[in-house]
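S.K.: Model the structure of this input:
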Amino acid sequence: MSWFFETFVLSQFKSNYKLYDPQYDFIFNSYYYTHGEMHPRAKRGLLSRPTVEDVYGYRYYVNQQALDLMESISEEKWNDLAFRITLGLNHEQQHQELLLMDIKHNFSVNPLKPAYRKNLDLPSDVVRPVQWLERYGGLTHIGNSTNSFAYDNETPKHNVLVRDHLLADRFITNGEYLDFVEDGAYFNPALWLADGWTSIQNEKWQHPLYWNKLNDEWMQFTLGGNRRLNLHEPVCHLSFYEADAYARWDDKRLPTEAELESCLNEQEIHGNFLNNNMLHPKPATNNGQWFGDLWAWTSSPYVAHPGFKPLAGSMGEYNGKFMSNQMVLKGGSCVTPVGHTRASYRNFFYPNERWAFTGLRLAEDI
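M.R.: Numbering: from 1, shown residues only. Take a look at the predicted model:
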């Protein structure tokens, strides 16, 4: 994120700004093709330089330069600068979540199964039965129109027609998903979308990511290390294909983006976020499980809201250009920084991806 602030804040708002290291512009550019060249994404894991010490030096330099800029910027440029800094800070919060996702994945493929945090609490709550909210159809609004920060892909606010439906107030649990696994679902092509069936054949999937068996007992790799599978916890690290197949197996379906967002608009934003320090989803107990714990897959493709206009210049690459072949997720997760989600927030992943903290909520037509 130091690169973002150097490239899109300091270099554009501070006259005669001197780059910390001109080579960093190539190394740290992640996907901004309108800005310039970048190191190939597939080869980034092979980079052993700059060192951690170098990166901390880079971050310190950029932070100090940014503080100096905010103290010296003219009044007429302040609003533009404040928006760009706010965008960068929200971008950095996304990276805080991505770092934990990456650490978990990297540790999971290590034969030693190291723990990121050995002192993480083990949830002991017993999940309660699912409750179904009866939702009446009609025109509902989705999208963000507030004065608070929102990404461009959350706008504009608009009306959407939804039909009468039921919406589960909690996620599907490990125990419920284990029934799906033990029923041979991963070997039943009738349950899967064509691309999903191809994925599980090519990747040899037979259970969710990070599930494993040790001495015939189901285990789950977590940021606290390898643990016995807790049947009461929400099942996590599912692809869209797995979520969709489970819903079909249970004679249900996934909610649409509009169905879930309209319900989230009515809920208070509280739940199991990064600040709870669990770094793992918790069983649903008394209250509805709406925000936090896991990003909920929807059946809606990630496309533009009607009337969507991306930000000008390179900032327009941040969301709009990814509106192809991805699916929308809602609600935040147990590794999402608190305050970094809202009803209109649109996370998006390719349907075969499983490394994010993704979960499964069901819906049903009335």
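S.K.: now stretch 197-212, how far from the chain's geometric center?
M.R.: Distance of stretch 197-212 from its chain centroid, counting by CA atoms, centre = their mean, to the nearest Å, is 20 Å.
S.K.: what residues does that stretch touch?
M.R.: 104, 108, 177, 181, 186, 189, 192, 218-222, 226, 229, 235-239, 241-242, 352, 354-355 (CB atoms under 8 Å, 6 or more residues apart in numbering). C-beta coordinates here come from the backbone N, C-alpha and C atoms, glycine included.
S.K.: Pull out the buried residues from these.
M.R.: 104, 108, 177, 181, 186, 192, 218-222, 226, 229, 235-239, 241-242, 352, 354-355 (16 or more other CB atoms under 10 Å).
S.K.: In helices, which of the residues you listed fall?
M.R.: When these are checked against helices (DSSP state H), the matches are K104, S108, Y177, V181, Y241, E242.
S.K.: who's in contact with the closest residue to R228 other than its chain neighbours?
M.R.: Spatial nearest neighbour of R228, excluding adjacent residues (CB to CB, 6 or more residues apart in numbering): M219 at 6.1 Å. With contact set as CB under 8 Å, 6+ apart, M219 has these partners: W211, N212, K213, N226, R227, R228, L229.
S.K.: doesn't K213 fall inside a strand?
M.R.: Yes - the assignment for K213 is a strand, going by DSSP: H, G, I helix; E, B strand; the rest coil.
S.K.: Count residues in the vicinity of it, would you?
M.R.: Here the number of neighbours of K213 (other CB atoms under 10 Å) works out to 10.
S.K.: now it, which residues is it bridged with?
M.R.: Using DSSP bridges, the bridge partners assigned to K213 are W218.
S.K.: what's the helix or strand for S300?
M.R.: strand 295-301 (DSSP states H and E).
S.K.: Next: S199.
M.R.: Here S199 is assigned to helix 194-203, by DSSP H and E.
S.K.: Pull out the buried residues from that helix.
M.R.: Result for helix 194-203 [16+ other CB under 10 Å]: buried residues G196, W197, S199, I200.
S.K.: Stretch 44-51 too?
M.R.: Neighbour-count burial for stretch 44-51 [16+ other CB under 10 Å]: P50.
S.K.: residues in contact with W192?
M.R.: I200, Y241, D244, A245.
S.K.: okay, now S74: neighbour count?
M.R.: 8.
S.K.: what separates it from L89, distance-wise?
M.R.: Noted for S74: a distance of 21 Å to L89, by CB to CB, to the nearest Å.
S.K.: Kindly report the same for A42.
M.R.: Applying CB to CB to A42 and L89 gives a distance of 29 Å.
S.K.: all strands of the stretch 201-350 of the chain, in order?
M.R.: Using DSSP state E, counting those that start in this stretch, the strands of the stretch 201-350 of the chain run over residues 211-214, 217-222, 225-228, 271-272, 291-292, 295-301, 327-330, 347-349.
S.K.: same deal with the stretch 51-200 of the chain?
M.R.: 132-135, 138-142, 158-162, 165-168.
S.K.: How is this structure partitioned into domains?
M.R.: 2-73, 132-365 (automatic domain parsing).
S.K.: And the first one, end to end?
M.R.: It stands for domain 2-73. 19 Å (CA to CA, to the nearest Å).
S.K.: Please compute how far that domain lies from its chain's middle.
M.R.: 24 Å.
S.K.: the more surrounded of A42 and L89?
M.R.: Applying other CB under 10 Å to A42 and L89 shows that L89 carries more neighbours, namely 14 against 7.
S.K.: got the contact list for that one?
M.R.: If you count contacts by CB under 8 Å, 6+ apart, then L89 has nothing around it.
S.K.: ok so, going back, out of the strands of the stretch 201-350 of the chain, which is closest to L166?
M.R.: strand 295-301 (14.6 Å; CB to CB).
S.K.: Report all helices and strands that that closest one contacts.
M.R.: helix 240-249, helix 257-264, strand 327-330, strand 358-359 (3 or more CB pairs under 8 Å, 6 or more residues apart in numbering; DSSP states H and E).
S.K.: Report the mean per-residue pLDDT for stretch 332-350.
M.R.: The average pLDDT for stretch 332-350 rounds to 96.
S.K.: Put the alpha carbons of that stretch into PDB.
M.R.: The C-alpha trace of stretch 332-350 is given here as PDB (Å, rounded to 0.1, in the frame of the first residue of the first chain):
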ATOM      1  CA  GLY A 332     -17.600  -9.400   5.700                       C
ATOM      2  CA  SER A 333     -15.700 -12.100   7.500                       C
ATOM      3  CA  CYS A 334     -13.800 -13.000  10.700                       C
ATOM      4  CA  VAL A 335     -10.600 -11.400   9.100                       C
ATOM      5  CA  THR A 336     -12.300  -8.300   7.800                       C
ATOM      6  CA  PRO A 337     -11.200  -5.100   9.700                       C
ATOM      7  CA  VAL A 338     -14.200  -3.800  11.700                       C
ATOM      8  CA  GLY A 339     -15.900  -1.000   9.900                       C
ATOM      9  CA  HIS A 340     -14.800  -2.200   6.500                       C
ATOM     10  CA  THR A 341     -18.100  -3.600   5.400                       C
ATOM     11  CA  ARG A 342     -21.700  -2.400   4.900                       C
ATOM     12  CA  ALA A 343     -24.800  -3.700   3.200                       C
ATOM     13  CA  SER A 344     -23.900  -2.300  -0.200                       C
ATOM     14  CA  TYR A 345     -20.200  -3.600  -0.100                       C
ATOM     15  CA  ARG A 346     -19.600  -5.900  -3.000                       C
ATOM     16  CA  ASN A 347     -16.800  -8.400  -2.600                       C
ATOM     17  CA  PHE A 348     -16.100 -10.600  -5.700                       C
ATOM     18  CA  PHE A 349     -14.200 -13.700  -6.500                       C
ATOM     19  CA  TYR A 350     -14.000 -16.200  -9.400                       C
END
